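Colleague: what follows is a protein structure lacking sequence information:
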């Protein structure tokens with residue numbers, strides 16, 4: 001018994017060989033390009049694994065008191081109309 005996937009592929013290949021309509025062929029090419037571009041994107045995303053360094057960045061951040069002081073300084077430096 002032959003593999004059903006191979007049978008389906010052979011049937012599709014024969015059907016495509018007999019196609020004469022440019023619009024239908026263009027539609028098949030669009031489907032092909034969508035399928036290949038999805039797999040290409042998925043492969044390249046696997047290469048860029050992002051490290052979760054939230055704790056390190058949080059430790060290097062500005063302390064609460066310093067941020068509060070800077071915020072008040074910024075607000076007071078704005079050109080308020082009186």
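Modeller: Received the coordinates, thanks. Nothing here was measured: the structure is a model prediction, and the numbers come from that model.

Colleague: what helix or strand is residue 81 on?
Modeller: Per DSSP states H and E: residue 81 is located in neither a helix nor a strand.

Colleague: count the residues that sit near residue 28.
Modeller: 14 (other Cβ atoms under 10 Å). (Each C-beta comes from the backbone N, C-alpha and C, glycine too.)

Colleague: ok, now which ones touch it?
Modeller: The contact partners of residue 28, taken as Cβ atoms under 8 Å, 6 or more residues apart in numbering, are residue 16.

Colleague: give me the mean pLDDT for the host helix or strand of it.
Modeller: Here residue 28, judged by DSSP H and E, is contained in helix 22-47. On average, the pLDDT along helix 22-47 is 74.

Colleague: ok, then the element right after it?
Modeller: By DSSP H and E, the next helix or strand past helix 22-47 is helix 54-59.

Colleague: just checking, what packs against that next one?
Modeller: Under the contact criterion of 3 or more Cβ pairs under 8 Å, 6 or more residues apart in numbering; DSSP states H and E, helix 54-59 touches no helix or strand at all.

Colleague: downstream neighbour of it in the secondary structure list?
Modeller: Counting by DSSP H and E, the next helix or strand C-terminal to helix 54-59 is helix 64-77.

Colleague: mean confidence (pLDDT) on that following helix, please.
Modeller: In the prediction, helix 64-77 has an average pLDDT of 93.

Colleague: who's in contact with that helix?
Modeller: residue 62.

Colleague: got the buried residues for it?
Modeller: In terms of neighbour count (16 or more other Cβ atoms under 10 Å), helix 64-77 has no buried residues at all.

Colleague: how near is residue 19 to residue 32?
Modeller: Applying Cβ to Cβ, to the nearest Å, the value for residue 19 to residue 32 is 14 Å.

Colleague: ugh, wrong one, I meant residue 63
Modeller: Using Cβ to Cβ, residue 63 is found at 56 Å from residue 32.
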